[in-house]
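# return atomic coordinates for the entry below.
(chains A and B)
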Amino acid sequence: MSLEPTVLTGAETALQHEVRAYLDERIPPGTYPLSLGMTGVSDPAFSRDLGAKGWVGMALAPEYGGGGRSAVERLLVVEELLARGAPVGYHWVADRQSGPTIQRYGTEDQKRRYLPGIARGELSFSIGMSEPDSGSDLASLRARARPDGDGWRLDGTKIWTSGAAEATHVLGLFRTSEDRHAGLTQFVLDCTTPGITISPIPFIDGSQHFCEVVFDDVRVGDDARLGEVGAGWTQNTGELVLERGGVDRWMSLMPVIREWAPRVLADDGAALSDLGRITARMWALRGLSLAIARLVDDGGSPVTEAAMAKEMATRFEKESVELVARHLGRAPELAASDPVESLLARAVLVSPSWTIRGGTTEVLRGIISKGLAS
Amino acid sequence: MSAPLADASLVESIDAFFARRVSPELAAEVERTGALPAEVWNELEGLGFTLVGISEESGGSGGSLLDAMSIVIAAGAHAAPLPLAESYAAAWLLEQAGLEIPSGPLTFVPGTTADTLDCQADRARGTVHRVPWGRGVSAVVAVAEHPEGWRVTVLDPAQATLTPGADLAGTPSDSLTFEADGVIGSGLVFLAEDPRWRLGLARTAQMAGALSGILGLTVRYTGEREQFGRPIRAFQAVQEHIVTIAEAAEITTMSVWRAALASQERPSSFEIAAAKLVATESALHSVRAAHQAHGAIGMTREYPLHLYTRRLHAWRQELGTELALAGALGRAVRESGSITTPVADGDHGVEVPWPTT
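Numbering: from 1, shown residues only, chains lettered A, B, ... in the order given. Sure, this is the predicted structure:
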């Protein structure tokens, strides 16, 4: 199946309007700290309110408290949140990634234990994948899970774990045998488990979102294991594939751009051209994201297309920072009283990470190239 | 609901036709003589391919705008030296205006800031520039703003003084001067937007086709060409070029379909402008990537890459140059007060004025 253009149904448009009306009321402009896309401010109360509206865990099954909604519907909700720079940090990972993974690979008991809390916006997940010596080459990871009685003993270090300091849980990938790919297993861990130490790593913009998570002789039961022993690589890869094409890959700067667009001066030809370029790209990338979501809802698995969308989208959003910032007339300042300028300053600093996180440009190009050859 | 795409059997038969009848030799011949390949055109016309998307009541072959665009995409993918995009857009406008559609190839005056043509119901005076295929067509369609909409004039190029020109691809791009005679048809039509956007959409579809054409060539060549003992496609640096072109083809094609879908529903200058701008930016990167991947052979006229890359160079800067399009789009978005609405909503109401250059 190849990507086809799609248009929204009446019900989908109604959802869009409902979300807009709610957010206009719940987070009026100027009343909340602006976020840059998915690494949003963590606001548990906001996440709970969204959960009550049914807009967290939308993709999860109703029997586990989820919304049983489509990928397109989730895209529409996420789009409105990111456009406003809403504080999505607390529930983001659980909603996008951990929840669907647990639903797909978890036992009945695990699904009942975690999914309702995720859908209520009460649980916050982080992802324990990268290690000091394992980044793009994830399969070389060394954090280890050893059988210990009827449970497991975990040791090792995970790094670049976004949001771990606030997270209630971490979904980690551990080595259970020497087999490079088939020796990896996923575990769901409560962050309060003795032996887990979470330390923030100051990020380039001075924020404390990025963390190191150390596992020192952490003992957990076998019910912490997610999926089969040795199936972690496959589960983990599947988890990454389809989220690649999401709107979050091109919307990071939207809270800045939407404020900047009407402020451009009518006779500033250079800025108007840049605004035109940004608009055209966003419109086109949105078409790809929507087509991918629709195809996923129709049972397709557009792996190569999703990788292409992410590769293009993340390069665009990085480039868009420059297309906006060059019209300010000076370097933006983090301490600016204008929250939009302050956010732009953060974007200047952090945007190099946008083409690194969740699979670098280089790794994605390799995946696309292989996909095109097959 | 997924949008109904073009008729699959139509796409298959037009592809087969171009594969059989269009070749680099034909393109070279057209470029050398400046003559429209009448035999190929007549065959296409006989098969009904030249008026797809025009209703049967108006003398067309029926089919949707999406069907029409799939023909133009195929023409782009085969670098067909034929005015299919122009003919379609001209015939569409004549149908809108309730005017008779002349047989034979048609063209559409894009309009430049130097144009002086003044059309009345029965006479036309002045010059139009950069008219694609101006010398080979049976009729030239021109539009001008009018208090009640648009004045559409059908002109006989045989009555004009012709100054031949050619674009970077060697496609005729002519100036025509009318002294008074030459009007074969004239009418007024109300349309919410400048009808030249339809020509812009068709050109963008041709660009999408050309991008898939250079993708095919580049994939094939890098798989066959061996250096350092293996096909050059084995090198990551070369793979990157292929990825660049594949992405460009994907996003441009999707944008063409979306703009065409929007055109079926409502005024769509915003979508067409965005799609053309994306095509224009994508073409720049893809042309560079394709030439880089091909090395010296791609710089020669003995290898067909130039058929695509020269066309893309020309098309990037016509029907709205990159700068004019970007500026017009940016201005429209600024005036609308919201960037999120046109990006996320179908019925956004943002209109982009036609960027004459």
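# tell me the helices and strands packed up against the helix or strand encompassing residue A:281.
Using DSSP states H and E, residue A:281 falls within helix A:269-297. Counting contacts by 3 or more CB pairs under 8 Å, 6 or more residues apart in numbering or on different chains; DSSP states H and E, helix A:269-297 packs against helix A:71-83, helix A:254-260, helix A:303-325, helix B:236-265, helix B:269-294, helix B:322-336, helix B:340-344. For every residue, glycine as well, the C-beta is placed using N, CA and C.
# can you redo those as TSV with mean pLDDT?
Shown next, in TSV, are those (pLDDT from 0 to 100):
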stretch	mean pLDDT
helix A:71-83	97
helix A:254-260	97
helix A:303-325	96
helix B:236-265	97
helix B:269-294	98
helix B:322-336	97
helix B:340-344	95
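# export those helices to JSON lines and tack on mean neighbour count and distance to residue B:114?
Shown next, in JSON lines, are the helices and strands packed on helix A:269-297 (neighbours: other CB atoms under 10 Å in any protein chain shown; distance: least, CB to CB, whole Å):
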{"stretch": "helix A:71-83", "mean neighbour count": "24", "distance to residue B:114": "43"}
{"stretch": "helix A:254-260", "mean neighbour count": "23", "distance to residue B:114": "36"}
{"stretch": "helix A:303-325", "mean neighbour count": "23", "distance to residue B:114": "32"}
{"stretch": "helix B:236-265", "mean neighbour count": "23", "distance to residue B:114": "28"}
{"stretch": "helix B:269-294", "mean neighbour count": "25", "distance to residue B:114": "22"}
{"stretch": "helix B:322-336", "mean neighbour count": "22", "distance to residue B:114": "15"}
{"stretch": "helix B:340-344", "mean neighbour count": "21", "distance to residue B:114": "32"}
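# how much space between the residue lying closest to residue B:40 once chain neighbours are set aside and chain A?
Distances taken as CB to CB, 6 or more residues apart in numbering or on different chains place residue B:21 nearest to residue B:40, at 5.2 Å, with adjacent residues excluded. Distance of residue B:21 to chain A, computed by CB to the nearest CB, to the nearest Å: 27 Å.
# report how many residues lie close to residue B:21.
A count of neighbours around residue B:21, defined by other CB atoms under 10 Å in any protein chain shown, yields 16.
# who are the contact partners of whatever residue of the stretch 101-250 of chain B ends up closest to chain A?
Using CB to the nearest CB, residue B:239 is the residue of the stretch 101-250 of chain B that sits closest to chain A, at 4.0 Å. Counting by CB atoms under 8 Å, 6 or more residues apart in numbering or on different chains, residue B:239 makes contact with A:365, A:366, A:369, B:233.
# run through the neighbouring helices and strands of the helix or strand bottoming out on mean pLDDT in chain A.
Least confident helix or strand of chain A, by mean pLDDT, DSSP states H and E, is helix A:232-241 with a mean of 80. Packed against helix A:232-241 by the contact rule (3+ CB pairs under 8 Å, 6+ apart) you find helix A:99-105, strand A:169-175, strand A:184-190, helix A:303-325.
# where does the prediction get shaky in the chain?
Picked chain A for this. Chain A contains residues with pLDDT under 70 at A:1, A:239-240, A:242.
# please refer instead to chain B.
B:1-5.
# again, only this time at 50
Along chain B, segments meeting pLDDT under 50 span B:1-4.
# middle-most residue in it, spatially?
residue B:203 (1.7 Å; CA atoms, centre = their mean).
# does residue B:125 belong to a helix, a strand or coil?
Taken by DSSP: H, G, I helix; E, B strand; the rest coil, the conformation at residue B:125 corresponds to strand.
# any figure for the gap between it and residue B:48?
36 Å (CB to CB, to the nearest Å).
# what's the answer for residue A:275, then?
Taking CB to CB, one finds residue A:275 at 43 Å from residue B:48.
# quick one, which of those two is more surrounded?
residue A:275 (28 against 14).
# does the more buried one really touch residue B:334, like I thought?
Yes: between residue A:275 and residue B:334 there is a contact at 6.3 Å, judged by CB atoms under 8 Å.
# quickly list what's touching both of the two.
A:261, A:264.
# chain B: strands as residue ranges?
Under the criterion DSSP state E, chain B contains strands at B:106-108, B:118-119, B:124-132, B:139-146, B:149-155, B:161-163, B:173-178, B:183-189, B:226-227, B:230-231.
# pull the distance from the first one to the chain's centre.
Relative to its chain's centre, strand B:106-108 lies at 11 Å (CA atoms, centre = their mean, to the nearest Å).
# show me what it is packed against.
Using 3+ CB pairs under 8 Å, 6+ apart: strand B:106-108 touches helix B:84-97, strand B:124-132, strand B:139-146.
# buried set for stretch B:306-318?
B:306, B:307, B:308, B:309, B:310, B:311, B:312, B:313, B:314, B:315, B:316, B:318 (16 or more other CB atoms under 10 Å in any protein chain shown).
# now do the same contact list for the residue nearest to the fifth one when sequence neighbours are not counted.
What that stands for is residue B:310. Once flanking residues are discounted, residue B:310 sits nearest to residue B:169: 4.0 Å by CB to CB, 6+ apart. Residues near residue B:169 by CB under 8 Å, 6+ apart: B:31, B:307, B:310, B:311, B:313, B:314.
# hmm, residue B:43 and the residue nearest to residue B:40 touching each other?
Yes: taking contacts as CB under 8 Å, residue B:21 lies within contact range of residue B:43: 6.8 Å.
# tell me how many other residues crowd residue A:117.
Residue A:117: 19 neighbours (other CB under 10 Å).
# next one: phi and psi at the residue nearest to it when sequence neighbours are not counted?
Closest residue to residue A:117 apart from its sequence neighbours, by CB to CB, 6+ apart: residue A:123 at 4.1 Å. Backbone geometry at residue A:123, expressed as degrees, to the nearest 10, gives phi -100, psi 140.
# which residues touch residue A:123?
Contacts of residue A:123 by CB under 8 Å, 6+ apart are A:91, A:94, A:114, A:117, A:168, A:169.
# could you redo the last one with a cut-off of 10 Å?
Shown in contact with residue A:123 (CB atoms under 10 Å, 6 or more residues apart in numbering or on different chains): A:44, A:47, A:51, A:56-57, A:90-91, A:93-95, A:98-99, A:113-117, A:167-169, A:190.
# so of those, which ones are in strands?
Using DSSP E, these in strands are A:169, A:190.
# got a quick ChimeraX command for the buried subset of the contacts of residue A:123?
Per 16+ other CB under 10 Å, the buried members of these correspond to this ChimeraX selection:
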select /A:44,47,51,56,57,90,91,93,94,95,98,99,113,114,115,116,117,167,168,169
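# of the contacts of residue A:123, which belong to helices?
A:44, A:47, A:51, A:93, A:99, A:113, A:114, A:115, A:116, A:117 (DSSP state H).
# tell me the one of those nearest chain B?
Using CB to the nearest CB, the ones in helices among the contacts of residue A:123 come closest to chain B at residue A:47, 22.4 Å.
# doesn't residue A:117 make contact with the closest one?
No: using CB atoms under 10 Å, residue A:47 and residue A:117 do not qualify as a contacting pair, with a distance of 11.0 Å.
# shared neighbours, these two?
With CB under 10 Å, 6+ apart, residue A:47 and residue A:117 have common neighbours A:94, A:123, A:124.
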